[in-house]
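> coords please:
(one chain, ligands or ions: 2)
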Amino acid sequence: MSLFNPETVTCNGETFSIYLTQQELEERVAELGDELSSKYEGKNPIFIGVLNGAYIFLSDLMRQVDIPCEVDFLKLSSYGDEKVSSGEVTDLKDIDADIEDRHVILVEDIVDTGLSMNYLVDKLQKKNPESIATVTLLHKTEATHHDVQLDYVGFEIPTLFVLGYGLDYAQEGRNLAQIYILDSDPKE
Ligand SMILES: O=P(O)(O)OC[C@H]1O[C@H](OP(=O)(O)OP(=O)(O)O)[C@H](O)[C@@H]1O
Ligand SMILES: Nc1nc2[nH]cnc2c(=O)[nH]1
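Ligands and ions are numbered 1, 2, ... in the order given. The predicted model follows:
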């Protein structure tokens, strides 16, 4: 456990309260790792992490997977430094691996409107993988209005802005070991 896990944090002048503890995160990530290990036994899957937000979740998740597997990353941006989506996805970095005929496990930190996940599954399908499964640590169920394929979900959460465990507010707060939720409405 981290020695510094406060109940509330201030980030860029806004206050956030604890929502998911380090222990809750560890337990759920271990469950997801077990499920993936069973499902992909003998398939040598490639995990594709979506930078920046998914890097902490992905690194913890992969260490809970006990079968041979690989990793690569891509990067998009739709939020910039804001709390609401710009409504457009910008490609910032593609994967380097050849995923043709491979079993792909696409890993996101959060599905909010669903724009990014929808865009990514379409983009990766064009590279002719054998299969694509999606994993997201967090899903804002009521905020999702794009059609999304979600195969593994860590936690369903309300439509409020969250911070920590890889998720930022204007690039800060990714290093928090727990997940915090904004005390006021994100659009205020
Ligand atoms: O479902 P959506 O409304 O598309 O939102 C989800 C996306 O938003 C975040 O990315 P962001 O653009 O904030 O970049 P980051 O991961 O570098 O923080 C997150 O990592 C997802 O990719
Ligand atoms: N940090 C952060 N990024 C997001 N991207 C989409 N929704 C969110 C959110 O609630 N928090």
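> Apart from its chain neighbours, what residue comes closest to D60?
Leaving aside its chain neighbours, D60 sits nearest to V29 (5.0 Å; criterion: CB to CB, 6 or more residues apart in numbering). C-beta: built from backbone N, CA, C; applies to glycine.
> which stretches of the chain form strands?
8-11, 14-20, 46-51, 70-77, 90-93, 103-111, 131-140, 152-157, 162-163, 179-182 (DSSP state E).
> distance between stretch 96-111 and the chain's centre?
Mean-position distance between stretch 96-111 and its chain equals 12 Å (CA atoms, centre = their mean, to the nearest Å).
> right, is it up against ligand 1?
Yes. Applying CB under 6 Å from any ligand atom, one finds stretch 96-111 touching ligand 1 at 108-111.
> returning to what we had before: now the strands of the chain in a markdown table, with mean neighbour count and mean pLDDT?
As requested, those are exported to a markdown table (neighbours: other CB atoms under 10 Å; pLDDT from 0 to 100):
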| stretch | mean neighbour count | mean pLDDT |
| --- | --- | --- |
| strand 8-11 | 14 | 94 |
| strand 14-20 | 17 | 96 |
| strand 46-51 | 22 | 98 |
| strand 70-77 | 16 | 94 |
| strand 90-93 | 11 | 93 |
| strand 103-111 | 24 | 98 |
| strand 131-140 | 21 | 98 |
| strand 152-157 | 18 | 98 |
| strand 162-163 | 24 | 97 |
| strand 179-182 | 22 | 96 |
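> Which residue would you name as the spatial centre of the protein?
The chain has D109 as the residue nearest its centroid, 1.3 Å off, counting by CA atoms, centre = their mean.
> which secondary structure elements does the helix ranked longest in the chain contact?
Longest helix in the chain, counting residues (DSSP state H): helix 22-39. Here helix 22-39 touches helix 55-62, strand 131-140, strand 152-157, going by 3 or more CB pairs under 8 Å, 6 or more residues apart in numbering; DSSP states H and E.
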